[in-house]
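> quick check, what structure comes out for this input:
(4 chains, ligands or ions: 2)
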Amino acid sequence: MANAPDDQNQPGTDIPPTPLLDRDSNLRGYKLNKMAMSLGAPESRQAFKADEDAYLRRFGLDDATRAAVAARDWHEMVRLGGNLFFILKISAVDPVPITSIGAAQAGMSHEDFLKERLGK
Amino acid sequence: MANAPDDQNQPGTDIPPTPLLDRDSNLRGYKLNKMAMSLGAPESRQAFKADEDAYLRRFGLDDATRAAVAARDWHEMVRLGGNLFFILKISAVDPVPITSIGAAQAGMSHEDFLKERLGK
Amino acid sequence: MAQIIGGLGTSHVPSIGVALDRGLAGSDDWKPFFDGYDYPQKWMRDQRPDIAVVIFNDHGNSFFLDRVPTFAVGVADNYAPVDEGWGPRNIPSFKGAADLGWHFADQLVESHFDPMICREIEVDHGLQVPMELFCGRPDEGGEWPVKVLPIWVNTIQFPIPTPQRCWEMGEVLRRAIESFPGDDRVVIMGTGGLSHQLQGRRAGFLNPDADRQWLDTIASDPDHWRNMTREDYVETFGSEGAELMMWLVMRAAMNRDVSMLHKHYFVPASMTGAGCVVLENA
Amino acid sequence: MAQIIGGLGTSHVPSIGVALDRGLAGSDDWKPFFDGYDYPQKWMRDQRPDIAVVIFNDHGNSFFLDRVPTFAVGVADNYAPVDEGWGPRNIPSFKGAADLGWHFADQLVESHFDPMICREIEVDHGLQVPMELFCGRPDEGGEWPVKVLPIWVNTIQFPIPTPQRCWEMGEVLRRAIESFPGDDRVVIMGTGGLSHQLQGRRAGFLNPDADRQWLDTIASDPDHWRNMTREDYVETFGSEGAELMMWLVMRAAMNRDVSMLHKHYFVPASMTGAGCVVLENA
Ligand SMILES: [Fe+3]
Ligand SMILES: [Fe+3]
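Residues are numbered from 1 along each chain as shown, chains lettered A, B, ... in the order given. Ligands and ions are numbered 1, 2, ... in the order given. I've put the predicted structure just below:
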């Protein structure tokens, strides 16, 4: 089921064209997704804002994942098993348009993404 | 489905012979069962022991239910919608044999219950 | 007995709620989208349903990956809007049609379905947005005009249920409503889609042709869509667009022959093909 | 492919665990009960299964009434014993057969079952006690000799699933095991019962005749038990004894013809008719 062929694959990226939240990405991204899920509670968002790295460590995130979150690297977070529905809660802490996150997934500039994918 | 006929009904009791955890008792006993469920955590058991009435109020239990818990009245707790699997956690705070709780359900003395129901 | 007065289908894109929160419904960007909901809102006012059955998926808000139910049925008296990370939204809670919920749960289990039964749970934009689109947002201090029976379908973690299973659940839903004592008027809202994909290199995927075909034929030829595989849905509508299969629950609860009173399409709403239909039994 | 090497049935009464915790297994009261498990323990040592599928119900420990799944399947790597109010028990955690769990979940959903899938959850006496009875308690610092795949069946809140649905799940379980790559040896443990009732004026109800008939015929005439209604189970075995229908999941996963290698009955264990069987495919 995973990974329908996609003519628009970008070289140099290793997110599959259509990643599905299956057993493997559940396993891979579990801690990241759990941390992101926690941001649904206002107290957690406060703790995250007050000391982000400490907050991430509390959920046992490894170095690579903490770096991806710190950089708000949406491409890398998904590569590490993050699922967009969860990591969107990170984007709510310092708001960023979902189309920027989409562009990062596609490996395109925001402008190209809006034009080529969304026809805007 | 509820309330299979039972030749051994005791007069003066209003627990049906075979109460089932259906919609009605779910509704009726929800707060009591939720309080009891919480006693699965050691911190909650400590809080319960430290100030039982305050603990029960925190879960919004009404006067009749708080009185039934305070009296460890297993018959009344079930009549008020308590389900045995949950209220057993109350019995773990000050241990009491499950056969005593069974006897209270049946409306019998412990001795009679052991002899007549369990053949002991 | 209760009566099914109609079936509605709609997108439930969160940006729709955000546009409403920010008062952007009349903006150039959004007006053409919201205009398509004037007719369904009038239909709802005229038809005066008592209960809305809302079929939707949670988006990692009420369920985490620790415990993922395939189908869940609400039997609560009240459903608060969940905080999705942006803080609480200024909309009223939803009153639950708990009696119908339990009746449906009974029918489901007897019909060999295995739902999770939820008595204490909040609801995300998957339910909120369709209610706002079809009922309008209540005035400050006001209430929603209908009670809700939420039905959650897992469309996020694989294995997701098959389109065929969604259809079968709709058949049980119909029997449950039509055997529910009283004279409640019930509308069924199938929600989700249309085409979109949020992640992977295919992110931003839209398929307006398929979306239009869906809207054109969901009334007249549901079998076409019912017979597709989960893989077909992902490929045709995108990984998140596969949500569209939840409309099948609504469609299966209606007659074989239905009249399509209204159809609306707009693309893109945020990153999504969006639209709605209004169906009545013929 | 993996192979089903046998099916075990047993009670899972919590007092059994308590008796073990207190070192009472050799006492006059308990010895006749535990003696009946010598044969199954030897059978387990001889047969060396890799995985135990354990079908049981939670007793208000891992699930509360806020969200009650009809069927749940474990896909965790590890299951800790849950605190049931008495504090943690001194037994090791259970390693999960996560691969088989996911494979089974896939097969279930494809076969139109609607399980909840659990990746982070603890297990109560419903799983602990059968493992202790069949494997013996590991030495201090030791481990259980098999991995577990827990399957939870709601037997507490109505609507509970029908005996027929439990049977059908067993058929899918068989297909899942027999299509699971590798050469794991799998034993299936159906647990619960026998007759008991903990609440209401009929509390203390026991039905040794029906219990003996169950043990005598679950191998040779499962259809008799499969065809009974949920109401029949409650009436015959008591409200909590209705758990016994979970043995049907195990029985349905076996051949039509099985050999019963062992059968044991003891009454009352605490307030419950108790016992076990060992079955192999004929
Ligand atoms: Fe959605
Ligand atoms: Fe049990």
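
> tell me the residues of the stretch 151-282 of chain C that contact chain A?
Counting by CB under 8 Å from any CB of the partner chain, the stretch 151-282 of chain C comes close to chain A at C:156-158, C:197-206, C:230-231, C:234-235, C:238-239, C:267-268, C:270-271. The C-beta positions use only the backbone N, C-alpha and C, and glycine is treated the same way.

> quick check, pLDDT for the residue most central in space within chain C.
For chain C, the residue sitting closest to the mean C-alpha position, by CA atoms, centre = their mean, is residue C:191 at 2.4 Å. Looking at residue C:191, its pLDDT is 98.

> in chain A, which residue sits nearest chain B?
Per CB to the nearest CB, residue A:43 is where chain A lies closest to chain B, at 18.1 Å.

> tell me which element that residue is part of?
Using DSSP states H and E, residue A:43 sits in helix A:42-50.

> mind listing what's buried in the next helix or strand along the chain from that helix?
Following helix A:42-50 in sequence order, the next helix or strand is helix A:52-58 (DSSP H and E). Within helix A:52-58, the residues that count as buried by 16 or more other CB atoms under 10 Å in any protein chain shown are A:55-56.

> same check on stretch C:206-217?
Buried, per 16+ other CB under 10 Å, within stretch C:206-217: C:206-207, C:210-212, C:214-215.

> export only the CA atoms of the helix holding residue A:43, formatted as PDB.
C-alpha atoms of helix A:42-50 as PDB (Å, rounded to 0.1, in the frame of the first residue of the first chain):
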ATOM      1  CA  PRO A  42      -1.900  24.500  27.800                       C
ATOM      2  CA  GLU A  43       0.400  23.700  30.700                       C
ATOM      3  CA  SER A  44       2.500  21.600  28.400                       C
ATOM      4  CA  ARG A  45       2.800  24.300  25.900                       C
ATOM      5  CA  GLN A  46       4.000  26.600  28.600                       C
ATOM      6  CA  ALA A  47       6.600  24.100  29.700                       C
ATOM      7  CA  PHE A  48       7.700  23.600  26.100                       C
ATOM      8  CA  LYS A  49       8.100  27.400  25.600                       C
ATOM      9  CA  ALA A  50       9.900  27.800  29.000                       C
END
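
> which elements pack onto that helix?
helix A:52-58 (3 or more CB pairs under 8 Å, 6 or more residues apart in numbering or on different chains; DSSP states H and E).

> so how far is stretch C:114-129 from its chain's centroid?
Distance of stretch C:114-129 from the chain centroid (CA atoms, centre = their mean, to the nearest Å) equals 12 Å.

> thinking again about what came up before, in strands, which of the residues of the stretch 151-282 of chain C next to chain A appear?
C:267-268 (DSSP state E).

> residue ranges with poor pLDDT in chain A?
Low-confidence segments of chain A (pLDDT under 70): A:1-14.

> rewinding a little: next, the residue nearest to the centre of chain C: phi, psi?
The phi/psi pair for residue C:191 (degrees, to the nearest 10) reads phi -130, psi 170.

> re earlier: state the distance from the residue of chain A closest to chain B to residue A:49.
11 Å (CB to CB, to the nearest Å).

> the two - which one has more neighbours?
residue A:49 (12 against 8; other CB atoms under 10 Å in any protein chain shown).

> now the more buried one. Nearest residue, chain neighbours left out?
With CB to CB, 6 or more residues apart in numbering or on different chains as the criterion, residue A:49 has its nearest non-adjacent residue at 6.5 Å, and that residue is residue A:93.

> for chain A, which residues are neighbours of chain D?
Of all the residues in chain A, those lying near chain D are A:23, A:26, A:30, going by CB under 8 Å from any CB.

> give me the number of residues near the last one?
So that's residue A:30. Based on other CB under 10 Å, the number of other residues close to residue A:30 is 19.

> nearest to chain D: which residue in chain A?
Counting by CB to the nearest CB, chain A gets nearest chain D through residue A:23, at 4.7 Å.

> just checking, that residue touches residue D:101?
No. With contact defined as CB atoms under 8 Å, residue A:23 and residue D:101 do not form a contacting pair (9.3 Å).

> farthest residue from the center of chain C?
residue C:201 (27.5 Å).

> okay, and the closest residue in space to that residue that isn't next to it in sequence sits in which element?
Nearest in space to residue C:201, with sequence neighbours left out and distances taken as CB to CB, 6+ apart, is residue A:17 at 4.5 Å. Secondary structure assignment for residue A:17, by DSSP H and E: no helix or strand.

> if we can go back for a sec, mind listing what the residue nearest to the centre of chain C touches?
By CB atoms under 8 Å, 6 or more residues apart in numbering or on different chains, residue C:191 lies in contact with C:9-12, C:54-56, C:126-127, C:129-130, C:243, C:246-247.

> try it again at 6 Å.
Neighbouring residues of residue C:191 by CB atoms under 6 Å, 6 or more residues apart in numbering or on different chains: C:10, C:12, C:56, C:130.

> kindly indicate which of these lies nearest residue D:66.
residue C:56 (19.3 Å; CB to CB).

> test my guess that the closest one contacts residue C:128.
No. Under the criterion of CB atoms under 6 Å, residue C:56 makes no contact with residue C:128, lying 9.3 Å away.

> quick check: helices, which of the buried residues of stretch C:206-217 are part of them?
C:210-212, C:214-215 (DSSP state H).

> want to try JSON lines for those, with distance to residue C:43 as columns?
Compiled in JSON lines, these are given as follows (distance: CB to CB, whole Å):
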{"residue": "C:210", "distance to residue C:43": "26"}
{"residue": "C:211", "distance to residue C:43": "22"}
{"residue": "C:212", "distance to residue C:43": "22"}
{"residue": "C:214", "distance to residue C:43": "20"}
{"residue": "C:215", "distance to residue C:43": "16"}
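
> all set now, cheers.
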